[in-house]
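1. my questions are about this predicted structure, shown below with the sequence.
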Amino acid sequence: MTGDPHDAARPDGDAERRRRLAAAQAGLLRALVLAEAPPPGFDVERVRAQARALRAKRRRVVARLRPDLVDHLGDRLAPLFDAYAAANPRRTGSTARDDAAAFTRWLEKRGERLPGRRRWWRRR
Amino acid sequence: MNTLPRLGVGIGWRPEIDLTVERLPGVDFVEVIAEGVHPANPPESLRVLRERGVPVLPHAVSLSLGGAEPVDRSRVAHLAAVAESLGAPLVSDHVAFVRGDGWEAGHLLPVPRTRDALEVLVANVLDAQAELPVPLALENVAALLEWPDAELDEGEFLAELVERTGCWLVVDVANLYVNARNLGSDPTAFLDAVPWERLAYVHVAGGEERDGLYHDTHAHPVTRPVLDLLAELRRRVDPPGVLLERDDQYPSDEELAAELAAIRAVVESHG
């Protein structure tokens, strides 16, 4: 928390504003990734729709990284991924590759037999 | 810096359509998702395009400039390195946050339009600009939900952000359409409030209606109402550039070329 050369230049009240904004954003994020009740004033249905959209985005990103899982799981990918995602929200700093690896481990732990990965080089 | 280059009509470069982008007619510039590029080893296809004189603009999605936390310096440093590596004239990210409280949302979320949020955003943008070798442009995002208790409207919020940071703008007309459909916001009021002298370029993309909401999928054809909004924008400004975003369910080269031509027709028909 120390040694950031920008700190000295920060305007008055910056820390308090950041604390208030952090609390507001945490409330929405927890509703979206942990399915907690949204903070007052939000439309509950819209928060659920946004949560579904985020999960679908997360699934598409993992699917793009792991076409082998798409091939293997077929129609089961979406429900399996959504169950995994609901139980394993992404921590700050984790990458999409981390997410794909964790999903694979989650599948294996459930006894899913996954084929070996092909790693062919190709330009596209 | 008070001028940016004329860019023309472009398309979002994605690894899945690298050859398509290289051979499509009428691609004057491209954008690349910055987080996917290794600065020391950028994709071969981008080198090919650059050799032809096609500008490559890094577009970031993870700085979380609208987030409560100070900007992650390593993410800004990566964006700076990508800009240097690609010889880019400018870079961009969004008016959005993507993480907080230890959680990663995984996609762009709208910021509350409050004084607090604007002050923090301004501070974060100034911090990021200090580390970037080229101008920074910020894009309006699509939203399915709205924060309660807005203290400023979207146009006021953007105008003050621009005034206080000197940032440039990427105006996404598809996102304007999404917000008009989902939140009932007035896209022409937004277009009336934009400080057009700070426009870097425009985004256009396709989407689809699902469960009563319009989703900005980047996986469907560009719809007529989005092109109509582009025409509405064109009545106010001659945009330096307009870029088509397509991220999934890629159509044939011919269909992409036709979408680029449709965009060009709108931009040129109001000259």
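-> Received, thanks. Numbers count the residues shown, from 1 in each chain, chains lettered A, B, ... in the order given.
2. tell me the secondary structure for the residue of the stretch 101-250 of chain B found nearest chain A?
-> Residue of the stretch 101-250 of chain B nearest chain A, by CB to the nearest CB: B:Pro148 (2.8 Å). All C-beta spots, glycine's among them, are computed from the backbone N, C-alpha and C. Under DSSP: H, G, I helix; E, B strand; the rest coil, B:Pro148 falls in the coil class.
3. my read is B:Ala137 is in a helix, agree?
-> No. Going by three-state DSSP, the assignment for B:Ala137 is strand, not a helix.
4. mind listing what it touches?
-> Going by CB atoms under 8 Å, 6 or more residues apart in numbering or on different chains, B:Ala137 touches B:90-92, B:167-170, B:200-201.
5. dump the residues you listed to CSV, plus neighbour count.
-> Shown next, in CSV, are the contacts of B:Ala137 (neighbours: other CB atoms under 10 Å in any protein chain shown):
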residue, neighbour count
B:Leu90, 21
B:Val91, 27
B:Ser92, 26
B:Cys167, 25
B:Trp168, 23
B:Leu169, 24
B:Val170, 24
B:Ala200, 25
B:Tyr201, 28
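6. ok, and of those residues, which contact chain A?
-> Among these, not one lies near chain A by CB under 8 Å from any CB of the partner chain.
7. show me where chain A has helices.
-> Using DSSP state H, the helices of chain A run over A:14-33, A:44-65, A:67-73, A:77-87, A:96-109.
8. Serialize the ones you listed to TSV and add fields for mean pLDDT, mean neighbour count and distance to B:Trp13.
-> Below are those laid out as TSV (pLDDT from 0 to 100; neighbours: other CB atoms under 10 Å in any protein chain shown; distance: least, CB to CB, whole Å):
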stretch	mean pLDDT	mean neighbour count	distance to B:Trp13
helix A:14-33	97	19	30
helix A:44-65	93	18	15
helix A:67-73	92	15	20
helix A:77-87	95	16	27
helix A:96-109	94	16	18
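9. as CSV, could you dump the C-alpha coordinates of stretch A:91-111?
-> Output of stretch A:91-111 as CSV, limited to C-alpha atoms (Å, rounded to 0.1, in the frame of the first residue of the first chain):
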residue,chain,number,x,y,z
ARG,A,91,-10.9,-14.4,-7.7
THR,A,92,-9.3,-11.1,-8.5
GLY,A,93,-6.1,-11.7,-10.5
SER,A,94,-7.1,-15.1,-11.9
THR,A,95,-7.0,-15.4,-15.7
ALA,A,96,-9.3,-17.1,-18.2
ARG,A,97,-6.6,-19.8,-18.5
ASP,A,98,-6.7,-20.4,-14.8
ASP,A,99,-10.5,-20.7,-15.1
ALA,A,100,-10.2,-23.3,-17.9
ALA,A,101,-7.7,-25.3,-15.9
ALA,A,102,-9.9,-25.2,-12.7
PHE,A,103,-12.9,-26.3,-14.7
THR,A,104,-11.0,-29.2,-16.0
ARG,A,105,-9.9,-30.2,-12.5
TRP,A,106,-13.5,-29.8,-11.3
LEU,A,107,-14.7,-32.1,-14.1
GLU,A,108,-12.0,-34.7,-13.3
LYS,A,109,-12.9,-34.6,-9.6
ARG,A,110,-16.5,-35.5,-10.5
GLY,A,111,-15.2,-38.5,-12.3
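10. how about residue 92, what does it touch?
-> As the question left the chain open, I've gone with chain A. Residues near A:Thr92 by CB under 8 Å, 6+ apart: B:99-100, B:102-104.
11. hmm, I had chain B in mind actually
-> B:31, B:57-60, B:136-139, B:168, B:170, B:200.
12. of the helices of chain A, which is nearest B:Pro221?
-> helix A:44-65 (18.2 Å; CB to CB).
13. taking helix A:96-109 as reference, get the angle to the closest one.
-> Interaxial angle, helix A:44-65 versus helix A:96-109 (axes from the mean of the first three to the mean of the last three CA atoms, to 10 degrees): 90 degrees.
14. what sits up against helix A:44-65?
-> Helix A:44-65 is contacted by residues A:28, A:31-33, A:35, A:37-38, A:69-70, A:77-78, A:81-82, A:85-86, A:90, A:96-97, A:99-100, A:103, B:105-107, B:109, B:143-146, B:182, B:211, B:213, B:215, B:248 when judged by CB under 8 Å, 6+ apart.
15. once you drop chain neighbours, what's closest to B:Glu119?
-> A:Arg17 (5.3 Å; CB to CB, 6 or more residues apart in numbering or on different chains).
16. I figured the one you found hits B:Leu118, correct?
-> No. Using CB atoms under 8 Å as the test, A:Arg17 is too far from B:Leu118 to be in contact (9.5 Å).
17. in chain A, what residue comes closest to chain B?
-> Counting by CB to the nearest CB, chain A gets nearest chain B through A:Gly41, at 2.8 Å.
18. can you count the residues close to that residue?
-> By the criterion of other CB atoms under 10 Å in any protein chain shown, A:Gly41 has 10 neighbours.
19. what sits against the residue lying closest to it once chain neighbours are set aside?
-> Distances taken as CB to CB, 6+ apart put B:Pro148 closest to A:Gly41, at 2.8 Å, once the chain neighbours are dropped. Contact analysis of B:Pro148 by CB under 8 Å, 6+ apart lists A:40-42.
20. is it true that B:Val162 touches B:Leu169?
-> Yes. Counting by CB under 8 Å, B:Val162 does reach B:Leu169; the two are 6.6 Å apart.
21. please identify every residue contacting each of those two.
-> Joint contacts of B:Val162 and B:Leu169 (CB under 8 Å, 6+ apart) are B:195, B:198.
22. for chain A, what are the nearby residues on the stretch 101-250 of chain B?
-> Contacts of the stretch 101-250 of chain B with chain A, taken as CB under 8 Å from any CB, map to B:101-107, B:109, B:112, B:114, B:116-117, B:119-120, B:123, B:127, B:130, B:143-149, B:182, B:211, B:213, B:215, B:248.
23. which residue, other than its chain neighbours, is closest to B:Glu255?
-> Distances taken as CB to CB, 6+ apart place B:Pro221 nearest to B:Glu255, at 7.4 Å, with adjacent residues excluded.
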